[in-house]
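Enquirer: please work out how this folds:
(one chain, ligands or ions: 2)
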Amino acid sequence: MIVKTILKTKARGAGVVTISPQASIAEAARLLASHRIGAVIAVTANNAIAGILSERDIVRGLAQSDAACTSAKVADLMTANVQTCHEDDSVALLMKTMTDRRIRHLPVVDGGGRLTGMVTIGDVVKSRLDEMDMEVDNLRNYVSASH
Ligand SMILES: NC(=O)C1=CN([C@@H]2O[C@H](COP(=O)(O)OP(=O)(O)OC[C@H]3O[C@@H](n4cnc5c(N)ncnc54)[C@H](O)[C@@H]3O)[C@@H](O)[C@H]2O)C=CC1
Ligand SMILES: O=c1[nH]c(=O)c2[nH+]cn([C@@H]3O[C@H](COP(=O)(O)O)[C@@H](O)[C@H]3O)c2[nH]1
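Expert: Ligands and ions are numbered 1, 2, ... in the order given. Next up, the predicted model:
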């Protein structure tokens with residue numbers, strides 16, 4: 001199973017939810033809530049990845065400076081120098097990256113570094129469950145065909 005397979009199973013045409021690094025944390029929180037997601041990618045005016053902001057970063061900001069953090073900029077709390085993955089990467093590699101780096105969201109980029117998708121820990125678990133279901137079906141078919 002590779003990243004491309006996961007992206008194909010996600011809603012057709014669903015793009016990546018992005019935000020400007022200059023937007024406020026309050027705007028980012030509203031975006032996360034309205035899309036029911038846990039992270040946004042901060043992109044520059046020409047769509048280059050500038051960082052990633054997850055709910056974890058907002059919680060850290062709240063712990064450090066209470067509600068004042070909501071008027072800070074996305075750029076103040078985001079992770080810059082983002083670790084990314086590619087469509088041809090295996091899901092096993094993604095699981096390792098997410099576990100080793102303790103991250104639950106990974107942006108997908110193409111060969112030119114352009115943002116093409118987002119994969120989360122939930123997407124990875126879902127793909128693994130689908131794969132296990134398929135394995136069980138194949139085994140059942142094999143056993144019933146040989147009797
Ligand atoms: N039934 C299913 O197909 C899925 C169920 N889930 C469940 O939803 C819950 C939350 O999921 P999490 O993985 O923690 O992450 P999440 O809440 O951030 O992501 C939820 C979904 O939104 C997508 N998403 C997240 N950020 C995005 C962005 N910036 N742009 C575009 N799409 C974005 C993810 O790829 C994922 O499919 C978990 O309980 C998880 O198991 C998650 C993914 C797929
Ligand atoms: O370099 C990175 N590449 C990524 O794909 C990535 N995803 C999350 N993060 C950062 O890790 C922390 C936890 O994020 P999560 O809410 O995704 O678990 C937070 O600090 C996030 O900003 C990333 N950093």
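
Enquirer: who touches the spatially most central residue of the chain in this structure?
Expert: The centre of the chain sits closest to His105, judged by CA atoms, centre = their mean, with a distance of 3.2 Å. Residues near His105 by CB atoms under 8 Å, 6 or more residues apart in numbering: Gly38, Ala39, Ile52, Ser54, Met118, Val119, Thr120, Ile121. Yep, even glycine has a C-beta here, placed from its N, CA and C like the rest.

Enquirer: if we use 7 Å, what do you get?
Expert: Gly38, Ala39, Ile52, Ser54, Met118, Thr120 (CB atoms under 7 Å, 6 or more residues apart in numbering).

Enquirer: in which helix or strand would I find Asp57?
Expert: Here Asp57, judged by DSSP states H and E, is contained in helix 55-65.

Enquirer: now for that helix, which elements pack on it?
Expert: helix 25-35, helix 74-77 (3 or more CB pairs under 7 Å, 6 or more residues apart in numbering; DSSP states H and E).

Enquirer: assign the residue of the chain found nearest ligand 1 to helix, strand or coil.
Expert: Residue nearest to ligand 1 within the chain (CB to the nearest ligand atom): Gly122, separated by 2.3 Å. When classified by DSSP: H, G, I helix; E, B strand; the rest coil, Gly122 comes out as helix.

Enquirer: and for Ser127, the neighbour number?
Expert: 20 (other CB atoms under 10 Å).

Enquirer: now the one 5 residues further on
Expert: The number of residues packed around Met132, counting by other CB under 10 Å, is 10.

Enquirer: do the same with the one 3 residues further on
Expert: Neighbour count of Glu135, defined by other CB under 10 Å: 10.

Enquirer: distance of it relative to Asn141?
Expert: 11 Å (CB to CB, to the nearest Å).

Enquirer: what segments of the protein are strands?
Expert: For the chain, the strands defined by DSSP state E occupy 18-19, 39-43, 49-54, 85-86, 105-109, 115-120.

Enquirer: quick one: the residue of the chain closest to ligand 1 from ligand 2, how far?
Expert: 11 Å (CB to the nearest ligand atom, to the nearest Å).
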